[in-house]
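Enquirer: Next one to model:
(4 chains)
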2 protein chains.
Amino acid sequence: MSSKRDALLKSAKKLLWERGFEATSPRDIQDASGAGQGSFYHHFDGKLDLAATALEEVSIEMCELASELLDETVGGLDRVERFLVQQRDGSKGCRLGRFAMEASISEAKLRGPIDAYFRHLETLLVEALADAQRKGQLADDLMPADLAQMIIATVQGGFVLSRARRDKDAINRSGAAAMALLRRATKTR
Amino acid sequence: MSSKRDALLKSAKKLLWERGFEATSPRDIQDASGAGQGSFYHHFDGKLDLAATALEEVSIEMCELASELLDETVGGLDRVERFLVQQRDGSKGCRLGRFAMEASISEAKLRGPIDAYFRHLETLLVEALADAQRKGQLADDLMPADLAQMIIATVQGGFVLSRARRDKDAINRSGAAAMALLRRATKTR
DNA sequence: GTCTATAACGTGATAGAC
DNA sequence: GTCTATCACGTTATAGAC
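Expert: Okay, the predicted model is just below:
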């Protein structure tokens, strides 16, 4: 039960969220965790290995959170709304999506956990949207798969917009607007 | 008419688009442009200055492109559609939005051109959406300002999703889904 | 399992010749 | 205005003692 390993992982998760992969050095992580060089390279193969391990844990945490928000006990569009209008801090980025524009995303070990999260989210949203269609809350000719992508993009792009505009609430206004459109897209006539 | 200055700027724009700010070194730009250290530091104060100058030019180019796509000769929602369903290559990022998650976005010289582009885009979209409302193509109780943010977020998030999923068309499916929702959000009854 | 010392390299920037 | 040589520093990683 190595406590230094846990400390390194905890600090890595925090710093990767705040700064991304390229801007976080092994040294930064060591200093933040209180562990030395030796512990770092004893427990992990290197920076990439530690980051990949950290992102795997983050991916699991985020998938669990999404599963709670998109819980099947709530019906159709209400479930989507709970996910979409969840209050987010736009001054930070998505703990996983923020790595998408880094060159290191080409590393399979980093992209894997991120890809897995987005696939999980898409699956949950498609189920919720299909449920909404069965309940007559959403027009049948709209494609759940495409809408799910759009919903995820609204959130991810909201983070981008909030950071660029220094308006930490832009992401929440974007989500609310998307929800308003979804609520209107009910069967016509 | 210094040709090395132009070459440095041209290479900087290309490399910044491909790799972002942090992952692009002055040396990379020198090598790509054929200019040496001397030219680099003669024409620019340093990496930040060159990048800021490059992003200012990119911002102007992108604003002009947006003005063409959202040209007022086309009515309301058709204008929005021309912007939203424009085919984009999801394997690259937005030439400006891609910097949003880098720590260097806190530098006012870098954020300025990016912020200016998003503000310009928002203005054009708000006008188009208000025009659509006047023409009865869009419900009056929807807020153009919020919808504009959502539309921009859909595009920016589409890039994120495309890169993370390695699906260069995800961005275009997201845009099409958003457009489908907008088309349905006409006055009810 | 953890530490400190150090290596090999790349980065952003400066100096000074031409 | 452009070049080459060089610097101080930070990065990722290794070596070897404890």
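Enquirer: Do any residues in the host helix or strand of A:L147 lie close to chain B?
Expert: Assigning secondary structure by DSSP states H and E places A:L147 in helix A:144-165. Yes - using CB under 8 Å from any CB of the partner chain, helix A:144-165 reaches chain B at A:145-147, A:149-150, A:152-161, A:163-165. For glycine as for every other residue, the C-beta is placed from the backbone atoms N, C-alpha and C.
Enquirer: I'd like to know which elements that helix is packed against.
Expert: Other elements packing on helix A:144-165 under the criterion 3 or more CB pairs under 8 Å, 6 or more residues apart in numbering or on different chains; DSSP states H and E are helix A:76-84, helix A:108-134, helix A:170-184, helix B:108-134, helix B:144-165, helix B:170-184.
Enquirer: Now render these as CSV, adding mean pLDDT and mean neighbour count.
Expert: Formatted as CSV, the helices and strands packed on helix A:144-165 follow (pLDDT from 0 to 100; neighbours: other CB atoms under 10 Å in any protein chain shown):
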stretch, mean pLDDT, mean neighbour count
helix A:76-84, 96, 20
helix A:108-134, 98, 19
helix A:170-184, 97, 23
helix B:108-134, 98, 19
helix B:144-165, 98, 26
helix B:170-184, 97, 23
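Enquirer: Now do the contacts for A:E81.
Expert: Shown in contact with A:E81 (CB atoms under 8 Å, 6 or more residues apart in numbering or on different chains): A:M179.
Enquirer: gap between it and A:R95?
Expert: As judged by CB to CB, to the nearest Å, A:E81 and A:R95 stand 22 Å apart.
Enquirer: could you give the mean pLDDT of stretch A:90-104?
Expert: If you average the pLDDT over stretch A:90-104, you get 96.
Enquirer: Give the buried residues for that stretch.
Expert: Using 16 or more other CB atoms under 10 Å in any protein chain shown as the test for burial, stretch A:90-104 gives A:90, A:93-102, A:104.
Enquirer: can it be found next to DNA strand D?
Expert: No - using CB under 7 Å from any atom of the strand, stretch A:90-104 stays clear of DNA strand D, with a minimum separation of 9.8 Å.
Enquirer: tell me how far that stretch is from the chain's mean position?
Expert: Chain-centre distance of stretch A:90-104: 9 Å, with CA atoms, centre = their mean, to the nearest Å.
Enquirer: try stretch A:157-175
Expert: Counting by CA atoms, centre = their mean, stretch A:157-175 comes out at 15 Å from the chain centroid.
Enquirer: How about stretch A:75-85?
Expert: For stretch A:75-85, the distance to the chain centre is 16 Å (CA atoms, centre = their mean).
Enquirer: just stretch A:50-69 next, same as before
Expert: Worked out by CA atoms, centre = their mean, stretch A:50-69 lies 8 Å from the chain centre.
Enquirer: Show the backbone phi and psi for the nearest residue to A:H43 once chain neighbours are set aside.
Expert: Nearest non-adjacent residue to A:H43, counting by CB to CB, 6 or more residues apart in numbering or on different chains: A:R5, 4.4 Å away. Main-chain torsions, A:R5, degrees, to the nearest 10: phi -60, psi -50.
Enquirer: from the buried residues of stretch A:90-104, which is closest to A:S39?
Expert: Distance to A:S39 across the buried residues of stretch A:90-104 (CB to CB) is lowest for A:S104, with 23.1 Å.
Enquirer: Near DNA strand D, which residues of chain A? Just list them.
Expert: A:24-28, A:37-38, A:40-41, A:46-48.
Enquirer: Serialize these to TSV and add fields for pLDDT.
Expert: Shown next, in TSV, are the residues of chain A next to DNA strand D (pLDDT from 0 to 100):
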residue	pLDDT
A:T24	97
A:S25	97
A:P26	97
A:R27	97
A:D28	97
A:Q37	95
A:G38	95
A:F40	97
A:Y41	97
A:G46	96
A:K47	98
A:L48	98
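Enquirer: Quick check on those: which are buried?
Expert: A:24, A:26, A:40, A:47.
Enquirer: For those, which two are the farthest from each other?
Expert: Farthest pair in these (CB to CB) is A:T24 and A:F40. Separation: 12.7 Å.
Enquirer: Can you tell me the SS state at A:I105?
Expert: helix (DSSP: H, G, I helix; E, B strand; the rest coil).
Enquirer: My error: substitute A:T73 in the last question.
Expert: coil.
Enquirer: burial measure for it, as a count.
Expert: A:T73 has 5 neighbouring residues, counting by other CB atoms under 10 Å in any protein chain shown.
Enquirer: interface residues of chain A facing DNA strand C?
Expert: A:2-5, A:34-39, A:41-43.
Enquirer: can you rerun that using 6 Å?
Expert: A:2-5, A:35-39, A:42 (CB under 6 Å from any atom of the strand).
Enquirer: Out of those, which sit inside helices?
Expert: A:3-5, A:37-39, A:42 (DSSP state H).
Enquirer: how many neighbours does A:C63 have?
Expert: Neighbour tally, A:C63, other CB under 10 Å: 18.
Enquirer: which residue sits closest to it, ignoring its sequence neighbours?
Expert: Nearest to A:C63 is A:H120, by CB to CB, 6+ apart, at 4.7 Å.
Enquirer: before we move on, back to that, what's the farthest-apart pair in the residues of chain A next to DNA strand C?
Expert: Farthest-apart pair in the residues of chain A next to DNA strand C is A:S3 and A:Q37; separation 16.8 Å (CB to CB).
Enquirer: now the helices and strands packed on helix A:144-165 as JSON lines including distance to A:D141?
Expert: JSON lines is the format used below for the helices and strands packed on helix A:144-165 (distance: least, CB to CB, whole Å):
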{"stretch": "helix A:76-84", "distance to A:D141": "16"}
{"stretch": "helix A:108-134", "distance to A:D141": "9"}
{"stretch": "helix A:170-184", "distance to A:D141": "14"}
{"stretch": "helix B:108-134", "distance to A:D141": "21"}
{"stretch": "helix B:144-165", "distance to A:D141": "20"}
{"stretch": "helix B:170-184", "distance to A:D141": "9"}
